[in-house]
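Chemist: Below are the sequence and a predicted model; questions follow.
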Amino acid sequence: MSTHPSAIIIGAGVAGLAVATRLAIQKFNVTVFEKNRYPGGKLSHFALGDYNFDAGPSLFTQPQNIVELFELAGEPIEEYFQFEKVPFSCKYFFENGTVINAFADITAFAEEMKVKTGEDPEKVISYLQQSRKLYEEIGTVFLDYSISKKNSLLKAPLIKAIKATRLKFVVDSLNDLNTKHFTRPETIQLFNRFATYNGSNPFKAPGMLSLIPHLEFGLGTFYPKGGMKSITDALYKLALKKGVKFNFESPVQRIINVDGWVKGVVVNNANFYGDIVVSNSDVYFTYKHLLRDDSKAKKSLKQERSSSALIFYWGIKKEFSELQLHNIFFSEDYKNEFEHLFEKKTISEDPTIYINITSKMESGQAGEGKENWFVMINAPANEEQDWELLKSKCREAVITKLNRMLNTDVESYIEVEETLDPVKIEEQTSSFMGALYGTSSNSRMAAFLRHPNFSSTIKGLYFAGGTVHPGGGIPLCLKSARLVSELVKSDIKGLVSHH
């Protein structure tokens, strides 16, 4: 018999992979059950002809979350994973013909805003300094500590955070804050966009989200060599190196809970026992299907769902020199776009379009003289809309808009095509309603209301991933893995002695 405690992880998404490695380093025997036949969750990949596509997240920030994991594991990261800083975080196209290069260098970016829009560069710089301050003094309290545990919060630099929290960041919406700070509509729209980083509405979400631009402008945007799937590959290889056992095509049917203590899971009608269980599955599905707890499942739905996405993967047999790695084509009426998304639960006729092209960074992602376009528009979470109709209408709207703004005929260059919609997102990744980030941050208290990384009623049960604290997106999923491993470290004696 092994004297080491055992851990079972449900789901091999980014957080599942990271928490598996962290627990293995803590001397757990770790077993992962994953329903798909591949690791990575939303961070997956596919090829069509000579085009390679990252299927999910396309923006890479805060590589230190991954660096830290490799340091902890005592493994040389460069043998697994390489990345480089990108000189432009994004290229923005506006309907009035304005084109803005968002330089990674803040001074250069402020100058670009002045030249292209007439915005006062001092205002841009002071906004980004304030963004950094908010991130460092408040963001880190939320992101690096388990806010539902008293002893964890006592370690957090709370007094400093409370002092930094001016009322305007809580009371004003992000749009109110940006409108008061900037004079030019292009600048306001550009900074409103950061609410979409966690699937929220800038006209409703709190001004606190103005800490998000610091991730891009302060800490930088990066490109992982080999595309985003190289993040999954590196995390998976590291977990294997640390002795984690993986079972693919093995959906968990149930979590075994006896008198408020977790005992293991049921997979293929067989019991697998463990001292702790970590669910990297959507928190709603975990309660509804794995714990059969309808009231807790319903409670997790009290908050509005985040937005989802409609993605067109296009193999384009032409190179567009005016495009970069990340590109945004803004809608003319942003407020109208978000009203459609969150109130009418549909997509406006003029959606904002995001295009990611990894072949700009690396040959081999598309054939010679070709580009792999990942074309995404924000979509509402799935509530039985007619997605086939919406997809065809949106495809037409996207092509018309791009033709006009790039002065081209996009359709004639599309060589291969694949699409992803909220229904498929829900099927493939068990994200309830296809919401990419679980809950939105459209309410003032959203950050406090996210589900914690542990169960208050079942000992030994933990939660990691985008639907729980601290939130969605790769950096936050990696942070949730760290929070879980710290909680386990402090709980473990009691858990093992009970077993």
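Modeler: Great, that's in hand. Residues are numbered from 1 along each chain as shown.
Chemist: residue ranges with poor pLDDT in the stretch 1-150 of the chain?
Modeler: The model of the stretch 1-150 of the chain has pLDDT under 70 over residues 1-2, 139-150.
Chemist: let's see 80
Modeler: 1-2, 137-150 (pLDDT under 80).
Chemist: The stretch 151-300 of the chain now?
Modeler: In the stretch 151-300 of the chain (pLDDT under 80), the answer is 151-171.
Chemist: List the buried residues for the biggest helix by length in the chain?
Modeler: Selection of the longest helix in the chain by residue count, based on DSSP state H, yields helix 474-498. Buried residues in helix 474-498, counted by 16 or more other CB atoms under 10 Å: 474-488, 492, 495. Quick note: C-beta positions are derived from backbone N, CA and C, even for glycine.
Chemist: what do you get for stretch 421-432?
Modeler: Using 16+ other CB under 10 Å as the test for burial, stretch 421-432 gives 421-423, 425-426, 428-432.
Chemist: likewise stretch 222-240?
Modeler: Buried-residue list, stretch 222-240, by 16+ other CB under 10 Å: 223-224, 226-240.
Chemist: next one: stretch 264-281
Modeler: Neighbour-count burial for stretch 264-281 [16+ other CB under 10 Å]: 264-265, 267, 272, 274-281.
Chemist: Just checking the distance from stretch 26-40 to the centre of its chain.
Modeler: With CA atoms, centre = their mean, to the nearest Å as the basis, stretch 26-40 stands 20 Å off its chain's centre.
Chemist: So, low pLDDT: which residues of the stretch 351-499 of the chain?
Modeler: Looking at the stretch 351-499 of the chain by pLDDT under 80, you get 429-430, 432-450, 493-499.
Chemist: What are the boundaries of the helices in it?
Modeler: 387-406, 422-429, 446-449, 474-498 (DSSP state H, counting those that start in this stretch).
Chemist: Can I get those in CSV including distance to Phe320?
Modeler: CSV is the format used below for those (distance: least, CB to CB, whole Å):
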stretch, distance to Phe320
helix 387-406, 7
helix 422-429, 27
helix 446-449, 38
helix 474-498, 27
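Chemist: and Ile25, which of those is closest to it?
Modeler: helix 474-498 (8.2 Å; CB to CB).
Chemist: Send me stretch 26-46 as PDB with only the CA atoms.
Modeler: Provided in PDB are the C-alpha atoms of stretch 26-46 (Å, rounded to 0.1, in the frame of the first residue of the first chain):
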ATOM      1  CA  GLN A  26       3.000  17.600  -3.000                       C
ATOM      2  CA  LYS A  27       3.500  13.800  -3.100                       C
ATOM      3  CA  PHE A  28      -0.100  12.800  -4.000                       C
ATOM      4  CA  ASN A  29      -0.800   9.900  -6.300                       C
ATOM      5  CA  VAL A  30      -2.800  11.800  -8.900                       C
ATOM      6  CA  THR A  31      -5.300  10.300 -11.400                       C
ATOM      7  CA  VAL A  32      -7.100  12.400 -14.000                       C
ATOM      8  CA  PHE A  33     -10.400  11.400 -15.700                       C
ATOM      9  CA  GLU A  34     -11.200  13.300 -19.000                       C
ATOM     10  CA  LYS A  35     -14.200  12.800 -21.100                       C
ATOM     11  CA  ASN A  36     -12.500  13.900 -24.400                       C
ATOM     12  CA  ARG A  37      -9.800  11.800 -26.000                       C
ATOM     13  CA  TYR A  38      -7.300  14.700 -25.700                       C
ATOM     14  CA  PRO A  39      -6.200  17.100 -22.800                       C
ATOM     15  CA  GLY A  40      -6.600  20.900 -22.800                       C
ATOM     16  CA  GLY A  41     -10.300  21.500 -22.600                       C
ATOM     17  CA  LYS A  42     -11.100  24.600 -24.500                       C
ATOM     18  CA  LEU A  43      -7.400  25.000 -25.400                       C
ATOM     19  CA  SER A  44      -7.400  22.400 -28.200                       C
ATOM     20  CA  HIS A  45      -6.200  22.400 -31.800                       C
ATOM     21  CA  PHE A  46      -7.200  21.000 -35.200                       C
END
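Chemist: Report the two of the buried residues of stretch 264-281 separated the most.
Modeler: Maximum distance among these (CB to CB): 19.3 Å, for Asp275 and Ser281.
Chemist: picking that back up, mind checking which of the helices of the stretch 351-499 of the chain is nearest Gly74?
Modeler: helix 474-498 (15.6 Å).
Chemist: just how off-centre is the closest one within its chain?
Modeler: Chain-centre distance of helix 474-498: 21 Å, with CA atoms, centre = their mean.
Chemist: Stretch 290-297 now?
Modeler: 25 Å.
Chemist: returning to what we had before: please name whichever of the helices of the stretch 351-499 of the chain is nearest to His4.
Modeler: Counting by CB to CB, His4 lies closest to helix 474-498 out of the helices of the stretch 351-499 of the chain; the figure is 9.5 Å.
Chemist: for that closest one, packing partners?
Modeler: Applying 3 or more CB pairs under 8 Å, 6 or more residues apart in numbering; DSSP states H and E, one finds that helix 474-498 makes contact with helix 14-25, strand 60-61, helix 64-73, helix 140-144, helix 150-155, strand 276-279, strand 461-463.
Chemist: Buried ones in stretch 53-65, by neighbour count?
Modeler: Within stretch 53-65, the residues scored as buried using 16+ other CB under 10 Å are 53-63, 65.
Chemist: Quick check: which of the helices of the stretch 351-499 of the chain is nearest to Ile77?
Modeler: Closest among these, using CB to CB: helix 474-498, at 13.7 Å.
Chemist: Helix 64-73 and that closest one, what's the angle between them?
Modeler: Angle of helix 474-498 versus helix 64-73, following axes from the mean of the first three to the mean of the last three CA atoms, to 10 degrees, is 40 degrees.
Chemist: For the closest residue to Phe182 other than its chain neighbours, the count of nearby residues, please.
Modeler: Spatially, and ignoring its direct neighbours in sequence, Phe182 is nearest to Ile188 (5.2 Å; CB to CB, 6 or more residues apart in numbering). When neighbours are defined as other CB atoms under 10 Å, Ile188 has 21 of them.
Chemist: try the one 4 residues further on
Modeler: Using other CB under 10 Å as the criterion, Asn192 is surrounded by 25 other residues.
Chemist: OK, contacts around Asp176?
Modeler: Residues near Asp176 by CB atoms under 8 Å, 6 or more residues apart in numbering: Gly207.
Chemist: Ramachandran angles for it?
Modeler: phi -60, psi -50 (degrees, to the nearest 10).
Chemist: Now the spatially most central residue of the chain: phi and psi?
Modeler: Compute the mean C-alpha point of the chain, and by CA atoms, centre = their mean the closest residue is Gly473, 1.6 Å away. Main-chain dihedrals, Gly473, degrees, to the nearest 10: phi 100, psi 150.
Chemist: And Gln129, by the same measure?
Modeler: phi -70, psi -40.
Chemist: distance of it from His214?
Modeler: Relative to His214, Gln129 is positioned 9 Å away (CB to CB, to the nearest Å).
Chemist: between those two, which one's more packed in?
Modeler: Comparing Gln129 with His214 by other CB under 10 Å, the one with more neighbours is His214, at 21 against 13.
Chemist: Good, we can wrap up now.
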